[in-house]
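Trainee: below is the structure, and that's it, no one-letter string:
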């Protein structure tokens, strides 16, 4: 008997018996006498497969496997055509003509696809974690810059001269005096004064995040380019970084607001769309934390005025009080 070439290859005699069984439709009596005994053992081995645990393959795996089979058939046909042109049947080394069996290619393709299906969720999770960590790092860097700004400005946070009475969700729109209207445009005060690089105000999970500051830019060019929501500065009594109360200062973008629109269809505890499963949050004490829901320990919802907000918004609302973290575009 010839030894198997590797742990997953049949010896020559077993291979011949299996080939004969396939051609005979697994009718043992149809085999030649010289192959019948070995064919019977092969069928016994194959019978063990009935005792292995099984589960229904996913439609995606079946589709990919069938596509791999079809691709293998085309490759085998091409290989046969090349063999004919080059003189098929030429021996390779001392082992005779080299043959590649379709079932071996199918088995290899299936194993590859199964491996990919098992590894893909882990790879996706690793990428998601990496984006979350990168976002957290950017928030921490932004926190250092904002703290420095507050230290140089009597504890105040960056804010433009925009007047009250204009909706804070109007990204890249300006009043009659040229002041940006959106709340997140206040952050450009810290950017232009060299306290916070614009790259630190981007989330790795936002494919449209602003990566470079254009000359004269005073607001985000579009709502989708802003990665974070900022403490609402349109309040009669603005929160301060040096205050006794610690509230949220900056976080992954508020999911409830678009320019001129409030998402009333979302539940009050909906997470930011940046990461989906939660959000990174920068507190006024400089701490960056991960929240799997938008509520702080004191039940303050960082994305709404008050604990759970209102049924609708006009874009003119401010924080309920000095302890209210109300982060808006």
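Mentor: Thanks, I have it. These numbers were taken from a predicted model, which means no experiment stands behind them. Residues are numbered from 1 along each chain as shown.
Trainee: element containing the residue nearest in space to the middle of the chain?
Mentor: Centroid-nearest residue in the chain: residue 128, 4.7 Å away (criterion: Cα atoms, centre = their mean). Counting by DSSP states H and E, the element that carries residue 128 is helix 102-152.
Trainee: again with residue 204
Mentor: Counting by DSSP H and E, residue 204 is part of no helix or strand.
Trainee: try residue 72
Mentor: Going by DSSP H and E, residue 72 is part of helix 59-86.
Trainee: need the contact list for the residue nearest to the centre of the chain.
Mentor: Contact analysis of residue 128 by Cβ atoms under 8 Å, 6 or more residues apart in numbering lists 205, 275, 277. C-beta here means a position set from N, CA and C on the backbone, and glycine is covered the same way.
Trainee: switch to 10 Å and redo it
Mentor: Listed by Cβ atoms under 10 Å, 6 or more residues apart in numbering, the contact set of residue 128 reads 204, 205, 275, 276, 277.
Trainee: pLDDT below threshold where in the stretch 151-300 of the chain?
Mentor: Within the stretch 151-300 of the chain, the stretches with pLDDT under 70 are 162-165, 242-244.
Trainee: what about the helices in it?
Mentor: 187-192 (DSSP state H, counting those that start in this stretch).
Trainee: next, count neighbours for residue 16.
Mentor: Other residues near residue 16 number 17, with proximity taken as other Cβ atoms under 10 Å.
Trainee: that one - nearest residue in space that isn't next to it in sequence?
Mentor: The shortest distance from residue 16 to any non-neighbouring residue, by Cβ to Cβ, 6 or more residues apart in numbering, is to residue 35 (6.5 Å).
Trainee: am I right that the one you found sits in a strand?
Mentor: No - under DSSP: H, G, I helix; E, B strand; the rest coil, residue 35 falls outside any strand and is assigned helix.
Trainee: now do it against residue 15, distance only.
Mentor: Per Cβ to Cβ, to the nearest Å, residue 35 is found 11 Å from residue 15.
Trainee: ok, the two, which is more surrounded?
Mentor: residue 35 (20 against 17).
Trainee: just checking, that one touches residue 43?
Mentor: No - contact criterion Cβ atoms under 10 Å: residue 35 and residue 43 do not qualify, at 11.7 Å.
Trainee: show me whatever sits in contact with both of those two.
Mentor: Shared contacts of residue 35 and residue 43 (Cβ under 10 Å, 6+ apart): 17, 18, 21, 28.
Trainee: drop anything exposed from those.
Mentor: By neighbour count, with 16 or more other Cβ atoms under 10 Å, the shared contacts of residue 35 and residue 43 hold 17, 18, 21 as buried.
Trainee: list the residues that contact residue 271.
Mentor: Residue 271 makes contact with 252, 255, 277, 278, 279, 291, 292, 293, 294, 303, according to Cβ under 10 Å, 6+ apart.
Trainee: now swap in residue 221 and tell me
Mentor: Applying Cβ under 10 Å, 6+ apart to residue 221 gives the contacts 171, 172, 208, 210, 214.
Trainee: repeat that for residue 28.
Mentor: 20, 21, 35, 36, 37, 39, 40, 42, 43.
Trainee: report pLDDT for it.
Mentor: Model confidence at residue 28, given as pLDDT, is 78.
Trainee: over to the one 10 residues further on?
Mentor: The score at residue 38 is 81. That number is its pLDDT.
Trainee: so how far is residue 181 from it?
Mentor: Where residue 181 is concerned, residue 38 sits at a distance of 84 Å (Cβ to Cβ).
Trainee: same check, this time on residue 44
Mentor: From residue 44 across to residue 181, the span is 79 Å (Cβ to Cβ).
Trainee: buried ones among the contacts of residue 271?
Mentor: Applying 16+ other Cβ under 10 Å to the contacts of residue 271, the neighbour count classes 252, 255, 278, 279, 291, 294, 303 as buried.
Trainee: excluding chain neighbours, what is closest to residue 282?
Mentor: residue 250 (4.2 Å).
Trainee: likewise for residue 173?
Mentor: residue 181 is the one closest to residue 173 (Cβ to Cβ, 6+ apart), at 4.9 Å.
Trainee: strands along the stretch 201-329 of the chain, start to end?
Mentor: Here the stretch 201-329 of the chain has its strands, by DSSP state E, counting those that start in this stretch, at 228-231, 248-252, 257-258, 261-262, 279-283, 288-291, 327-328.
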